[in-house]
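Student: okay, sequence plus prediction incoming.
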Amino acid sequence: MATILPQGASIFDKHVENEYIRFDKLSALVIDDISSMRHAIRTQLQSIGMNSVGVAVNAHEALELIGLNTYDVILCDYNLNKSSSGQHFLEYLRNENILSATTLFIMLTAETEYSFVANAVEFIPDDYLLKPCSEAKLRSRLERLIDRRTYLMRVLKAMDIRRYDVAIHECNKLLATAADDRRRMDVLRRKAEAQLKLEEYTAVLDTYARAATIRADTPWILLGMARAHYALGDSAQASTLASELIDKNKSYVAAYELLAKIRLEADDEEGAFDLLLRSSAILPSAKRLRSVAQAAFLLGRLDEAKANAEAAIQLSTGSMVERSGDYLSLAQTLVDMGDHKSAMLTLEKNARKHGDEGIFGVAKGAILAQAYFDAGEREKAKKLMDRSISLLASRKNSFVMTALGKAALKVGDVILGLKLLTKAIQCSGKDEMRIARYVKKSMVDTGQKDKVEDVIDGGRKRILLLLDEATKLMRTAHFEEANQMVVEALDIQEENIETLMTAAQLHLLWLKHGGLDDKIMARAKNYLSMLDKLVPNNQKVMNFYRFFNEIASK
């Protein structure tokens, strides 16, 4: 606990809290690329009593320190350097679940930055602090934030260990005694976050409705309601709410991104692209630029795809969000534009630091095979393609298979090309819709438009038949035969969520009816682990885990 109170003191008594906060028990990390600012803030923190204060020059250094320590407070400058802003760093920490829920993240900004960023982002810090900041102001702000953290500590600790049911229970206890609307809003927001993690979408709408009675125009309430309606299958209401949020706050990028997702699922690719373009213009990041480049590529707007892929590389090079895949995307775009020389330069020179190993090396060879074929060097293209296929081995990567399939179709091996593209669809898992669009484009580009439907639907239909048969066999306790159906379905598409759900259910019933068996138990644990990675915090998977633990404890 950061706050120590005398016996009988209330945690709502601000004077008592300020007097008894033990800053000497707290740790902090200061992130700023300007040495004088780093040391000035560290000196202020030490002056108010903090003994453990680390400093970092950039996001890379900060990430290493965060991996080694759990900080009570992180103070991060918004303008870190040319490759990463404080906001990009915060988004990365939140998206990757690196930051503890109990850590306070404070963004240091200039007034002009604050007025824009505070209204544009979904991942807001715990607070903004305008520079320059006096020691008295820093102390006052920290006292208020630590007060709130102390109040929510049981909730935050439950969130950290993914006990979202416990977090909700603790929120309900706090709501029963909350002294004012500020406290209630803090608790309702955490409760909604926990309910979303548990996919309790109907219940979370009630939580948002309660929060809306306090302050209806709050962006996180509207966005949360939109996401809940979308998850419940009500895309129309989700679209209405996201559009309403954009009307009220034209710079709130998360609303554009949700609306783009809805448009894409409605086959409005142009509409989705426009929304992604607008969100990227509001708050550029490597992730948003990649999304725009991908959408432009699939629409055949190759000049825009090239420009945004190059921008993503420029923005992320040397940062923690640099991705070797950006070079692959750019090179494939250049090949499709007919600029095989630039594609070769991109992969053979500019991306040289990423090497030729692993999935990157396989995909690199597949795209280079296309480039050399277009350059008239067909023998070299064939060698590159054959090498990539041999390196692919048991790897199941949909993007790589799509690139290889396109290369095979280009060099004239239609049977191999269609086989690879079919496999790309079959191992795409929850990314199936996006990969299907890549496969379709590859086939249209290589004169195979008439076979698109057969390739995309082939594996899917077989999986549905196998799962239907497995379910029938499961119901009659023919577990061994049902397992054969499931294994065949998984061989077609290893990360198919529906197949893995059926596999997990089958093995749990098998254990219940047939008794504990080490092999069956190991397979059940493996299927549950795969599901946990593909659909984290899924309520059905969590129920499977509870059932598994009940069986294992007998």
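Tutor: Perfect, I can see it now.

Student: Val55 is in contact with Leu29, isn't it?
Tutor: Yes. The pair Val55 / Leu29 is scored as a contact, 7.4 Å apart, by CB atoms under 8 Å. Backbone N, C-alpha and C define where each C-beta goes, glycine included.

Student: of these two, who's got more company?
Tutor: Neighbour comparison, Val55 and Leu29: the larger count goes to Leu29, with 23 against 18 (by other CB atoms under 10 Å).

Student: and the more buried one, that one's in a strand?
Tutor: Yes. Judged by DSSP: H, G, I helix; E, B strand; the rest coil, Leu29 forms part of a strand.

Student: that one touches Asp72, doesn't it?
Tutor: No. Judged on CB under 8 Å, Leu29 makes no contact with Asp72 at a distance of 9.3 Å.

Student: give me the secondary structure label for Tyr128.
Tutor: strand.

Student: export stretch 71-82 as CSV, just CAs?
Tutor: The C-alpha trace of stretch 71-82 is given here as CSV (Å, rounded to 0.1, in the frame of the first residue of the first chain):
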residue,chain,number,x,y,z
TYR,A,71,7.1,1.1,-10.6
ASP,A,72,4.5,2.9,-8.7
VAL,A,73,4.8,6.0,-10.9
ILE,A,74,6.0,6.5,-14.5
LEU,A,75,6.5,10.1,-15.8
CYS,A,76,7.0,10.1,-19.5
ASP,A,77,7.6,13.0,-21.9
TYR,A,78,5.1,13.2,-24.8
ASN,A,79,7.9,14.1,-27.3
LEU,A,80,10.4,11.3,-26.7
ASN,A,81,12.2,11.3,-30.0
LYS,A,82,11.6,11.1,-33.8
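
Student: in this structure, where is pLDDT below threshold?
Tutor: 1-20, 81-84, 111-123, 394-395, 429, 459, 554 (pLDDT under 70).

Student: now do the strands in it.
Tutor: 27-31, 52-56, 73-77, 104-109, 127-130 (DSSP state E).

Student: now render these as JSON lines, adding distance to Val187.
Tutor: Conversion of these to JSON lines gives the following (distance: least, CB to CB, whole Å):
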{"stretch": "strand 27-31", "distance to Val187": "26"}
{"stretch": "strand 52-56", "distance to Val187": "29"}
{"stretch": "strand 73-77", "distance to Val187": "21"}
{"stretch": "strand 104-109", "distance to Val187": "17"}
{"stretch": "strand 127-130", "distance to Val187": "18"}
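
Student: deepest of the ones you listed, which one?
Tutor: Most buried of the strands of the chain by mean neighbour count (mean count of other CB atoms under 10 Å) is strand 73-77; its value is a mean of 25.

Student: so what does it touch, helix or strand wise?
Tutor: Strand 73-77 sits against strand 27-31, helix 35-47, helix 59-68, helix 86-95, strand 104-109, with contacts defined as 3 or more CB pairs under 8 Å, 6 or more residues apart in numbering; DSSP states H and E.

Student: hmm, try it at 7 Å
Tutor: Judged by 3 or more CB pairs under 7 Å, 6 or more residues apart in numbering; DSSP states H and E, strand 73-77 is in contact with strand 27-31, helix 86-95, strand 104-109.

Student: contacts for it next, please.
Tutor: 26, 28-33, 37, 41, 86, 89, 103-108, 142 (CB atoms under 7 Å, 6 or more residues apart in numbering).

Student: next one: stretch 512-523
Tutor: If you take CB under 7 Å, 6+ apart as the criterion, stretch 512-523 is touched by Ala477, Phe479, His507, Trp510, Leu511, Ile551.

Student: which non-adjacent residue is nearest Leu174?
Tutor: Counting by CB to CB, 6 or more residues apart in numbering, the nearest residue to Leu174 once its immediate chain neighbours are dropped is Val187, at 4.7 Å.

Student: you'd agree that neighbour is up against Ala176?
Tutor: No. Using CB atoms under 7 Å, Val187 is not in contact with Ala176; the gap is 10.0 Å.

Student: which of those two has more neighbours?
Tutor: Shown here are Val187 and Ala176; by other CB under 10 Å, Val187 has more neighbours (22 against 7).

Student: now the helices for the stretch 451-554 of the chain?
Tutor: Counting by DSSP state H, counting those that start in this stretch, one finds helices in the stretch 451-554 of the chain at the ranges 452-475, 479-492, 497-514, 518-534, 539-552.

Student: so which of these is the most packed in?
Tutor: The highest mean neighbour count among these, using mean count of other CB under 10 Å, belongs to helix 497-514: a mean of 20.

Student: then that one to PDB, C-alphas only?
Tutor: The C-alpha coordinates for helix 497-514 follow below in PDB (Å, rounded to 0.1, in the frame of the first residue of the first chain):
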ATOM      1  CA  ILE A 497     -11.400 -21.500 -32.800                       C
ATOM      2  CA  GLU A 498     -14.600 -23.500 -33.400                       C
ATOM      3  CA  THR A 499     -12.500 -26.700 -33.900                       C
ATOM      4  CA  LEU A 500     -10.400 -26.100 -30.700                       C
ATOM      5  CA  MET A 501     -13.600 -25.400 -28.700                       C
ATOM      6  CA  THR A 502     -15.000 -28.800 -29.900                       C
ATOM      7  CA  ALA A 503     -11.700 -30.500 -29.100                       C
ATOM      8  CA  ALA A 504     -11.600 -29.000 -25.600                       C
ATOM      9  CA  GLN A 505     -15.200 -30.000 -24.900                       C
ATOM     10  CA  LEU A 506     -14.600 -33.500 -26.200                       C
ATOM     11  CA  HIS A 507     -11.600 -34.100 -24.000                       C
ATOM     12  CA  LEU A 508     -13.300 -32.700 -20.900                       C
ATOM     13  CA  LEU A 509     -16.300 -35.000 -21.400                       C
ATOM     14  CA  TRP A 510     -13.900 -37.900 -22.100                       C
ATOM     15  CA  LEU A 511     -12.200 -37.300 -18.800                       C
ATOM     16  CA  LYS A 512     -15.500 -37.000 -16.900                       C
ATOM     17  CA  HIS A 513     -17.000 -40.200 -18.400                       C
ATOM     18  CA  GLY A 514     -13.800 -42.300 -18.800                       C
END
